[in-house]
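Peer 1: Fold the following for me, if possible:
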Amino acid sequence: MKFTLSFGVFILLSFPALSVNSTEKLVKMNHELNGSCNYAPTQKLKDDKTLSCVVSKLAERCNKIDDCYSYCIATDLNETVGGGCAHICNYSNKIEWSPPQSVKLCTTE
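Peer 2: Numbers count the residues shown, from 1 in each chain. Prediction:
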């Protein structure tokens with residue numbers, strides 16, 4: 001039997017702590033997503049008025065991907081997974097998505 005080492009397997013074997021940690025966080029996210037778009041924010045999010053505003057605008061509309069983005073941003077999951085929230089939420093849900101128009105207000109507030 002021939003075994004071909006794929007890039008994903010290579011990453012998993014090369015950086016097991018990072019991969020396991022990221023995988024555990026993604027599994028936790030899938031269990032904690034509740035459709036509310038309201039999650040306990042990290043201190044970093046509390047201190048960042050722009051990101052806090054973005055999360056509140058996502059919560060106002062709150063669809064399936066908005067819920068994922070809200071969780072991802074609020075819990076800093078985007079900092080541990082390559083590609084950030086866009087990769088986590090858009091790729092896994094495979095649904096056409098664009099941010100709410102009201103997000104533009106976050107850069108002017």
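
Peer 1: so who does Thr107 touch?
Peer 2: Thr50 (CB atoms under 8 Å, 6 or more residues apart in numbering). Where you see a C-beta, it was placed from the backbone N, CA and C, and this is true even at glycine.

Peer 1: Report the separation between it and Lys57.
Peer 2: 11 Å (CB to CB, to the nearest Å).

Peer 1: same thing with Glu79?
Peer 2: 21 Å.

Peer 1: Tell me which of the two has more neighbours.
Peer 2: Lys57 (21 against 12; other CB atoms under 10 Å).

Peer 1: This structure: helices as residue ranges?
Peer 2: 7-14, 16-32, 43-47, 49-61, 64-74, 84-85, 92-93 (DSSP state H).

Peer 1: With respect to burial, which of the ones you listed scores highest?
Peer 2: helix 64-74 (a mean of 23; mean count of other CB atoms under 10 Å).

Peer 1: Quick one: mean pLDDT for that one?
Peer 2: Helix 64-74 shows a mean pLDDT of 92.

Peer 1: how about the closest residue to Gly35 other than its chain neighbours, what does it touch?
Peer 2: The shortest distance from Gly35 to any non-neighbouring residue, by CB to CB, 6 or more residues apart in numbering, is to Asp67 (5.5 Å). By CB under 8 Å, 6+ apart, the contact set of Asp67 is 33-37, 58.

Peer 1: The same query, at a cut-off of 10 Å, please.
Peer 2: Applying CB atoms under 10 Å, 6 or more residues apart in numbering, one finds that Asp67 lies in contact with 33-39, 58-59, 89, 93.

Peer 1: go on, Ser52?
Peer 2: 41, 44-46, 73-74, 106.
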